[in-house]
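K.L.:
Structure for this input, please:
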Amino acid sequence: MFQGTIPGPMRSIVRETASQWPSGPLYVPCCGNFTIERSVAGMGFALHSSDVSIYTSAVGRWLTHQPVGIQLREESRDELCWLADSLDDGVGTVATLMLGTRFLASVGREGLWHERVVRSYREQWKAKHAETVERLSGSDIELASYEVEDVRSWLQRVPSDAPVCSFPPFYGGGYEKLYEPLEAHFTWDAPEYEPLSDDDVVSVLGAITDRPYWLTASNHDVPELHRYLRGVIKATPRAAPFYVYANEARTRIVAPRQPIEPVKAPRLRQGQELVGPLTLSLLKPGQFNALRSRYLNPKIAPGAANLAVAVQDGKGRILGVFAVAPSSYTPDEAYVLSDFAVAPTDYPRLSKLIVLAATSAEAQLLCQRAFSRRIRRVSTTAFSNNPVSMKYRGLLRLTKRGPSNEDGWKYQLQYQGAMGEHTLADALQKWAKRWGAPMTKTGV
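P.N.:
Predicted coordinates:
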């Protein structure tokens, strides 16, 4: 119900650790999205929470039966007048802010995507708001108290022998940026506080750990707490790791695990000639995972695919795989999550044939059926140590080049191209003419 980025295994560790603590008051500074409170709900603790963000304070005040105290800013009333009737200083206001985190960042911004997001929420507002209110009303979280106060001063008033559990923002600016759209359109009695400095971080950590029962976690390794490291959690291949620290707890390591299913179709191998016609076959998620693990560069973190397709030759041998998802920004565009050729074969540029197959009319039809929308273009991202990707060169248009945000690569390249302007037969003919020459083997 509440937004949050704390993985499920982290919640399990919190509950497991807290089960060894004495019942009674439990203090949760920097409570954020109430992940800790949800994790220990029903365990007999009297939960005392605090934070300084507009979103968390709205939820915390509502959970403790306080007036929420949040109103639309005067300058936003004309543009967002359709929200006014939903602000009731209680659960209705909380539901408004929760939904607002999803669309307010698009308010007032140019672009078809932003306009469509705002229009969609405005047209469906009553139904979405009522549904959110209903879900909130069924919450089982109970707080003994909630205070809008900076963590530094609040911890000074926490009893020294009481358990403390917190995921504090060791690096500043995260929540401020996340809730910036809410602050831009709503007014409230916001507290004054300074972002945590390096010295403040040490002080906060000292106040948390200087007690008999405590647990904290961060998505950054904290050198000062190495001797208390109790777990490392990496829930998915692309997720940032969480480091768990506690005075006493079981040691846990959580690593991503993907389901794998066998793929019985043969693959093209060295010494075998590629023959037409080409065909496309849908893959189950486990089959795609198996092929990806076998052939995709291991330095590329895998993502979840909406549609995974194998490209096969005239003898049913798999030549490669591509996986696509609907674009989040352009309604008539498909995003190619990954495309790769099997190896080893006698064809050094087989990967170009997979790209041609992924942009074919047959692939377009599969995408349109899977996504229930017209698809006219494709886009993808390539990571390379060269300023261009040789796989996409001559097939897709380079639209952006920038520094890589993934370790091990120099460039992050954005490509885009048309979809459905050729058939699989055309793709094979074009590839065979320009790039389909097999390697020449010479004896020794």
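
K.L.:
show me where the stretch 301-444 of the chain has strands.
P.N.:
If you assign secondary structure with DSSP state E, counting those that start in this stretch, the strands in the stretch 301-444 of the chain sit at 307-312, 318-326, 333-341, 377-384, 397-403, 411-418.

K.L.:
Show me the shaky parts of this structure.
P.N.:
Under the criterion of pLDDT under 70, the regions of the chain flagged as low confidence span 1-6, 170-176, 198, 298-303, 440-444.

K.L.:
Figure out which of the strands of the stretch 301-444 of the chain is closest to residue 168.
P.N.:
strand 397-403 (30.1 Å; CB to CB). Where C-beta positions appear, they are placed from N, C-alpha and C, glycine not excepted.

K.L.:
got the CA positions of stretch 101-121 in CSV?
P.N.:
Taking Å, rounded to 0.1, in the frame of the first residue of the first chain, the C-alpha atoms of stretch 101-121 are listed here in CSV:
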residue,chain,number,x,y,z
THR,A,101,3.6,10.9,-5.9
ARG,A,102,2.8,9.2,-9.2
PHE,A,103,1.6,12.1,-11.3
LEU,A,104,2.4,15.5,-9.8
ALA,A,105,5.9,15.5,-11.3
SER,A,106,4.2,15.8,-14.7
VAL,A,107,2.0,18.7,-13.8
GLY,A,108,3.0,21.8,-15.8
ARG,A,109,5.6,20.0,-17.9
GLU,A,110,5.6,20.0,-21.7
GLY,A,111,5.4,16.8,-23.7
LEU,A,112,2.8,14.4,-24.8
TRP,A,113,3.7,11.8,-22.2
HIS,A,114,3.4,14.2,-19.2
GLU,A,115,0.1,15.6,-20.6
ARG,A,116,-1.3,12.1,-21.0
VAL,A,117,-0.3,11.2,-17.4
VAL,A,118,-2.0,14.2,-15.9
ARG,A,119,-5.1,13.8,-18.1
SER,A,120,-5.4,10.1,-17.2
TYR,A,121,-5.4,10.8,-13.4
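
K.L.:
Mind putting the strands of the stretch 301-444 of the chain into JSON lines with distance to residue 128 and mean neighbour count?
P.N.:
Listed next are these as JSON lines, based on distance: least, CB to CB, whole Å; neighbours: other CB atoms under 10 Å:
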{"stretch": "strand 307-312", "distance to residue 128": "28", "mean neighbour count": "23"}
{"stretch": "strand 318-326", "distance to residue 128": "21", "mean neighbour count": "23"}
{"stretch": "strand 333-341", "distance to residue 128": "26", "mean neighbour count": "22"}
{"stretch": "strand 377-384", "distance to residue 128": "29", "mean neighbour count": "20"}
{"stretch": "strand 397-403", "distance to residue 128": "34", "mean neighbour count": "11"}
{"stretch": "strand 411-418", "distance to residue 128": "32", "mean neighbour count": "17"}
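
K.L.:
Could you dump the ones you listed into TSV with distance to residue 139 added?
P.N.:
Shown next, in TSV, are these (distance: least, CB to CB, whole Å):
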stretch	distance to residue 139
strand 307-312	36
strand 318-326	32
strand 333-341	35
strand 377-384	39
strand 397-403	42
strand 411-418	41
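
K.L.:
Of all the ones you listed, which one comes closest to residue 433?
P.N.:
Between residue 433 and these, the shortest separation by CB to CB is 17.0 Å, and it involves strand 318-326.

K.L.:
by contact count, what packs against that closest one?
P.N.:
With contacts defined as 3 or more CB pairs under 8 Å, 6 or more residues apart in numbering; DSSP states H and E, the packing partners of strand 318-326 are helix 285-295, strand 307-312, strand 333-341, helix 350-358, helix 361-371.

K.L.:
closest one to residue 220 among the ones you listed?
P.N.:
Counting by CB to CB, residue 220 lies closest to strand 333-341 out of the helices and strands packed on strand 318-326; the figure is 27.7 Å.

K.L.:
Quick one: work out the angle between the closest one and strand 411-418.
P.N.:
Calculated by axes from the mean of the first three to the mean of the last three CA atoms, to 10 degrees, strand 333-341 forms an angle of 110 degrees with strand 411-418.
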